[in-house]
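requesting a structural model of the entry that follows:
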Amino acid sequence: MDNKKKIKEISTAHRYLTFFVDDEQYGIDISRIKEIIAPIAITHIPKTPPFVKGVINLRGSIIPVVDVRLKFDMQEREIDINTAIIIYEVDKSSIGFIVDQVEDVLSIEDKYISDAPRFGGNIDTTFIENIAEVGNDVIMLLNLEKIFEPEELLDITKLEHEYINEEE
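As a prediction, the model looks like this:
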């Protein structure tokens with residue numbers, strides 16, 4: 001019998017919520033997800049970009065809601081039984097992101113995660129943090145905060161306060 005100690009390879013796994021927008025599968029770190037809800041009534045706010053659908057009142061909290069399809073320059077889709085709103089913490093504020101379908105929570109080991117490809121100066125892919133290979137699938141791991149320009153993010157996070165002030 002071999003008395004040598006076996007050294008295990010230390011592997012770190014990160015947990016991601018996976019979801020679909022159109023036929024593409026994406027993942028986001030679960031540590032910034034507050035909750036996942038079915039679509040509820042959205043109050044439209046005038047003079048906002050088309051991807052900002054409005055705000056929702058979630059148990060007394062006013063949360064801006066963004067349609068990921070529209071932010072990614074995809075065609076808008078009717079809400080159906082699979083549609084979900086992911087409440088995600090962005091810059092210490094909660095923002096709801098409408099996605100076509102929430103899939104699963106996966107633990108993905110570092111060895112299956114690689115850097116996102118860069119396509120040159122004219123194509124902004126900074127919101128894609130990494131690419132994960134899970135079986136035969138490739139999942140784009142996103143930083144939802146980076147899908148916005150800094151001024152867009154500031155405008156969206158202000159919506160909560162503006163809506164509350166209008167109601168008073």
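
in the sheet, who's paired with the nearest residue to D100 once chain neighbours are set aside?
Taking C-beta to C-beta, 6 or more residues apart in numbering as the measure, D100 lies nearest to F20, with 4.9 Å between them; neighbours along the chain are not counted. Quick note: C-beta positions are derived from backbone N, CA and C, even for glycine. In this structure, F20 bridges to Q25, Q101 when assessed by DSSP bridges.

might one say that F20 is in contact with I98?
No - contact between F20 and I98 fails when scored by C-beta atoms under 8 Å: they sit 12.0 Å apart.

neighbour-wise, which of the two wins?
Neighbour comparison, F20 and I98: the larger count goes to I98, with 23 against 15 (by other C-beta atoms under 10 Å).

what stretches of the protein score poorly on pLDDT?
Along the chain, the model assigns pLDDT under 70 to residues 1-11, 119-124, 160-168.

hmm, 90 instead?
Low-confidence segments of the chain, defined by pLDDT under 90: 1-13, 45-48, 89-93, 115-128, 135, 143-168.

excluding chain neighbours, what is closest to the residue nearest the centre of the chain?
When the chain is reduced to its mean C-alpha position, the closest residue under C-alpha atoms, centre = their mean turns out to be L144, at 4.6 Å. Distances taken as C-beta to C-beta, 6+ apart put Y88 closest to L144, at 5.5 Å, once the chain neighbours are dropped.
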